[in-house]
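# the following comprises the amino acid sequence and a computationally predicted model.
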Amino acid sequence: MHLFFLIPLLLGLVTDYIYNKSNEEIAYFMGTATVIFLLISLILAPWELQLALLVFVLITTSKLLRQSKRLI
């Protein structure tokens with residue numbers, strides 16, 4: 001399994017750290033860079049990880065939908 005998707009993921013985590021520590025205009029740039037790097041790492045991730053993430057999101061979404069229907 002190729003681990004190339006970890007490079008943009010780590011870059012995204014570093015930019016997120018800088019974003020959280022900064023209070024100036026650079027924070028907006030770092031926030032945008034974080035989102036871009038995380039999207040790139042998801043695209044480069046192996047299909048097994050993408051499938052696991054998809055299943056996690058579907059399960060979480062269905063639980064949240066059931067909870068919101070109970071509140072209505």
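Alright, I've got the coordinates.
# contacting residues for the spatially most central residue of the chain?
Closest to where the C-alpha atoms of the chain average out (Cα atoms, centre = their mean) is L38, at 5.2 Å. Under the criterion of Cβ atoms under 8 Å, 6 or more residues apart in numbering, the contact partners of L38 comprise 8-9, 12. In this view, the C-beta of every residue, glycine as well, is placed from N, C-alpha and C.
# kindly recompute the last result at 10 Å.
For L38, the contacting residues are 8-9, 11-13, 15-16, taking Cβ atoms under 10 Å, 6 or more residues apart in numbering as the criterion.
# name the nearest residue to S22, ignoring sequence neighbours.
Of all residues not flanking S22 in the chain, M30 sits nearest, at 6.6 Å (Cβ to Cβ, 6 or more residues apart in numbering).
# so that neighbour touches N23, yeah?
No. Contact criterion Cβ atoms under 10 Å: M30 and N23 do not qualify, at 11.4 Å.
# so which of the two has more stuff around it?
Neighbours around M30 and N23, counted as other Cβ atoms under 10 Å, are more numerous at M30. The numbers are 20 against 7.
# in contact with the more buried one, which residues?
With contact set as Cβ under 10 Å, 6+ apart, M30 has these partners: 12, 14-22.
# JSON lines for those, including secondary structure?
JSON lines is the format used below for the contacts of M30 (DSSP: H, G, I helix; E, B strand; the rest coil):
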{"residue": "G12", "secondary structure": "helix"}
{"residue": "V14", "secondary structure": "helix"}
{"residue": "T15", "secondary structure": "helix"}
{"residue": "D16", "secondary structure": "helix"}
{"residue": "Y17", "secondary structure": "helix"}
{"residue": "I18", "secondary structure": "helix"}
{"residue": "Y19", "secondary structure": "helix"}
{"residue": "N20", "secondary structure": "helix"}
{"residue": "K21", "secondary structure": "helix"}
{"residue": "S22", "secondary structure": "coil"}
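# what distance do you get for F5 to L53?
Distance, F5 to L53, using Cβ to Cβ, to the nearest Å: 12 Å.
# what sits in contact with each of these two?
Shared contacts of F5 and L53 (Cβ under 10 Å, 6+ apart): 42, 45.
# residues near T15, how many?
Each residue near T15 was counted by other Cβ under 10 Å, and the total is 20.
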